[in-house]
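Enquirer: Quick one, structure for this:
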Amino acid sequence: AVLADLRAFEAQARLTESQVEDIARLNHELGQHVVHQTAQIEQLYMGAVDTADNVARGNVELKKAVERSGTAAWIVFVILVCLSFALLVLDYVSG
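Expert: Numbering: from 1, shown residues only. Predicted structure coming up:
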């Protein structure tokens, strides 16, 4: 009876050892996957930071373009008014 108990205990111990080895192997694989994912997350974060910087610079450039287009439109308006006035004066003088 004692020998049978020892053999059963030995079988249980070997099964437990095998399961612990499997757990250790899976834990190692999990660690490798976590390291890989950490690198990917870091790349995504850096990409997001770069994108945010590009958007901020783009907004500044858009504001400058709007200001320039407003100034250009104002200059064209003034030139057209002056030319219209010049045409009226020339028409008055020639007529």
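
Enquirer: any idea how far stretch 65-85 is from the chain center?
Expert: Using CA atoms, centre = their mean, to the nearest Å, the mean C-alpha position of stretch 65-85 is found 40 Å from that of the whole chain.

Enquirer: pLDDT at the spatially most central residue of the chain, what is it?
Expert: Closest residue to the average C-alpha location of the chain: residue 48 at 2.4 Å, with CA atoms, centre = their mean. Looking at residue 48, its pLDDT is 97.

Enquirer: sec struct for it, please.
Expert: What DSSP: H, G, I helix; E, B strand; the rest coil gives for residue 48 is helix.

Enquirer: From residue 68, how far out is it?
Expert: Going from residue 48 to residue 68 by CB to CB, to the nearest Å gives 30 Å. To be clear about C-beta, it is placed using only N, CA and C from the backbone, and glycine gets the same treatment.

Enquirer: ok, now how distant is residue 61 from residue 92?
Expert: From residue 61 over to residue 92 (counting by CB to CB), the distance is 46 Å.

Enquirer: same question, residue 35
Expert: 86 Å.

Enquirer: Residue 74 too?
Expert: Distance from residue 74 to residue 92, counting by CB to CB: 27 Å.

Enquirer: just residue 54 next, same as before
Expert: Taking CB to CB, one finds residue 54 at 56 Å from residue 92.

Enquirer: those helices in the protein, which residues are they?
Expert: 2-94 (DSSP state H).

Enquirer: In the protein, where is pLDDT below threshold?
Expert: Applying pLDDT under 70 to the chain picks out no residues at all.

Enquirer: what do you get if the cut-off is 90, keeping everything else the same?
Expert: For the chain, applying pLDDT under 90 flags the ranges 1, 64-75, 94-95.

Enquirer: one step back: check the gap between the residue nearest to the centre of the chain and residue 54 for me.
Expert: From residue 48 to residue 54 the distance is 11 Å (CB to CB).

Enquirer: Also residue 71?
Expert: From residue 71 to residue 54 the distance is 26 Å (CB to CB).
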